[in-house]
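**Q** Model the following, please.
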Amino acid sequence: MRKGKKHHQGNTNGNKSTSNGNEKKEHGSWKKKKLLDIHQALTSDPVDIETLRRAAVSEGGLMTDDIRRKVWPKLLNVNVFNLPPKPGRDVRENHKDFNQVLLDVRRSMRRFPRGMREAEREVLQEQLIDIILDVLRRNPQLYYYQGYHDIVVTFLLVVGERLAIALVETLSNHHLRDFMDPTMDSTKHILNYLMPILEQVDRELHDFMLRAEVGTIFALSWLITWYGHVLSDFRHVLRLYDFFLASHPLMAIYFAATIVLHREKEVKRSECDMAMVHHLLSKIPQDLPYEELILQAQRLFHTYPPGLLAKSAALQSRKSIAISTFQDFQLTTLRQRPDSVLRRQRQRLGNNGDLATRAGDALAVTPARPSTANQLVKMAVWGLSATLGAAALAVAQTALDWGPDFLLQLF
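**A** Next comes the predicted model:
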């Protein structure tokens, strides 16, 4: 009997091992397929934007910063071979927002990776200031707001200074446009979508929050920083940026609704008091089930679209620039050429030297998270090599153009 029991137990463990192995194999196959789908979408002519959006939204998002450096520009219709020039030092001269930007950036140390050398962080902070002021200088219709730097630093850490300028400028004129008005009225308008969503899904929770008179200000920092200011793990921030870049401008407020709904039992158990409920909701949990909430936010968006919610009295008095221009913006992204074609177009113009510089800025790995002096040296050398050979590293029509890091993920 004992032998039989042991034999039976051994089979069970063996089955578990086999099961785990199969799960890992399936996960690996899923990842390889996603990587190939992204590659094929990027090299299609025109670029298959819908596939890229699905990849950014679906489980795992874009997975690596290397892929983000290739896909984010396409999601925002930015040509990596035609980037704005690097800002000069004169960008700071007499700029009305310089002092406020300086203060905000100086307080942003927690947004940089732990272990980063102080000297490197200070360089990145200077670049962060220049990016913000350059975008504002060239777009006088845009007004700086506190929290904007939390969004810009995310792009800086992933794509580097020059490409960050182009991406942030486009984002500021579209997804973030309502936050960049001279007053907070448009931002409040976006926040006002939160309660109608909750009312549609959980009337009891909605009514509890109304009685508590908590309002929606607890979600302000979530919304205007795309959660960059309130999440401590940079991986989670990047996952949400993939999601929001591929989605409607209001998706950040739908995601806020899913967080509140996720915590509905906590909220209902709390004292029905403004201060108590605000304190509870304003402290966002760091262990949220992000993939689950992203799926739920998508379902809410399709079940209760903005047009349906806009019938609420609180949403009838104002129109959103970001919402009203989004459809046209989406259409412009559908006509993009793959980078291999854009590269040849630049080469025909005879600007090969300038091309290498531009493509190098767009595609070189940003030394954002080194932990030792040796790593800094290695990444600096890699960066120089990428700049010199940028034309060869740009995304072309073979998997080799994804670079060795990408190829390693396929096997």
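
**Q** Tell me the secondary structure at Asn82.
**A** With DSSP: H, G, I helix; E, B strand; the rest coil as the basis, the three-state label of Asn82 is coil.

**Q** ok, Ser232 - contacts?
**A** Arg110, Gln286 (CB atoms under 8 Å, 6 or more residues apart in numbering). (Each C-beta comes from the backbone N, C-alpha and C, glycine too.)

**Q** So which residues make contact with stretch 289-309?
**A** So stretch 289-309 is in contact with 57, 59-60, 193, 196-197, 200-201, 236, 239-240, 243, 247-248, 250-251, 254-255, 257-259, 261-262, 315, 323, going by CB under 8 Å, 6+ apart.

**Q** Buried ones among those residues?
**A** Buried members of those, scored by 16 or more other CB atoms under 10 Å, are 57, 193, 196-197, 200-201, 236, 239-240, 243, 247-248, 250-251, 254-255, 257-259, 261, 315, 323.

**Q** Toward the C-terminus, what is the element adjacent to the helix or strand that contains Leu157?
**A** Applying DSSP states H and E as the criterion places Leu157 in helix 148-159. Downstream of helix 148-159, the next assigned helix or strand under DSSP H and E is helix 161-173.

**Q** Got the domain ranges for the chain?
**A** 89-173+339-394, 183-233+240-323 (automatic domain parsing).

**Q** and the ones you listed, which one is worst for confidence?
**A** Ranked by mean pLDDT, the domains of the chain bottom out at domain 89-173+339-394, with a mean of 76.

**Q** and Leu103, how many residues sit next to it?
**A** When neighbours are defined as other CB atoms under 10 Å, Leu103 has 12 of them.

**Q** The residue nearest in space to the middle of the chain sits in which helix or strand?
**A** Nearest residue to the geometric centre of the chain (CA atoms, centre = their mean): Tyr241, 1.6 Å. Assigned by DSSP H and E, Tyr241 falls within helix 234-245.

**Q** what's that helix packed up against?
**A** helix 49-57, helix 65-75, helix 148-159, helix 251-262, helix 290-303 (3 or more CB pairs under 8 Å, 6 or more residues apart in numbering; DSSP states H and E).

**Q** hmm, who's touching that helix?
**A** Applying CB under 8 Å, 6+ apart, the set of residues contacting helix 234-245 is 56-57, 60-62, 65, 68, 72, 75-76, 113, 154, 157-158, 171, 175, 226-228, 231, 251-252, 255, 286, 288, 290, 294, 297.

**Q** List the residues that contact Trp72.
**A** Counting by CB under 8 Å, 6+ apart, Trp72 touches Leu62, Val78, Phe155, Val158, Val159, Leu167, Leu245.

**Q** which one among those gets closest to Asn139?
**A** Closest approach between those and Asn139, by CB to CB: Leu167, at 13.6 Å.

**Q** wait, isn't the closest one in contact with Leu75?
**A** No - in terms of CB atoms under 8 Å, Leu167 does not count as a neighbour of Leu75; the distance is 9.1 Å.

**Q** The two: who's more crowded?
**A** Leu167 (26 against 23).

**Q** need the contact list for the more buried one.
**A** With contacts defined as CB under 8 Å, 6+ apart, Leu167 is in contact with Trp72, Pro73, Leu76, Val78, Phe155, Val159.

**Q** Rebuild those as a markdown table, extending it with distance to Val101.
**A** Converted to a markdown table, the contacts of Leu167 look like this (distance: CB to CB, whole Å):
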| residue | distance to Val101 |
| --- | --- |
| Trp72 | 23 |
| Pro73 | 25 |
| Leu76 | 22 |
| Val78 | 23 |
| Phe155 | 15 |
| Val159 | 20 |
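
**Q** out of those residues, which is most surrounded?
**A** Val159 (29 neighbours).

**Q** any idea how far the closest residue in space to it that isn't next to it in sequence lies from Val158?
**A** Leaving out its chain neighbours, the residue that sits closest to Val159 by CB to CB, 6 or more residues apart in numbering is Arg69, at 5.2 Å. Note on Arg69: its distance to Val158, by CB to CB, to the nearest Å, is 7 Å.
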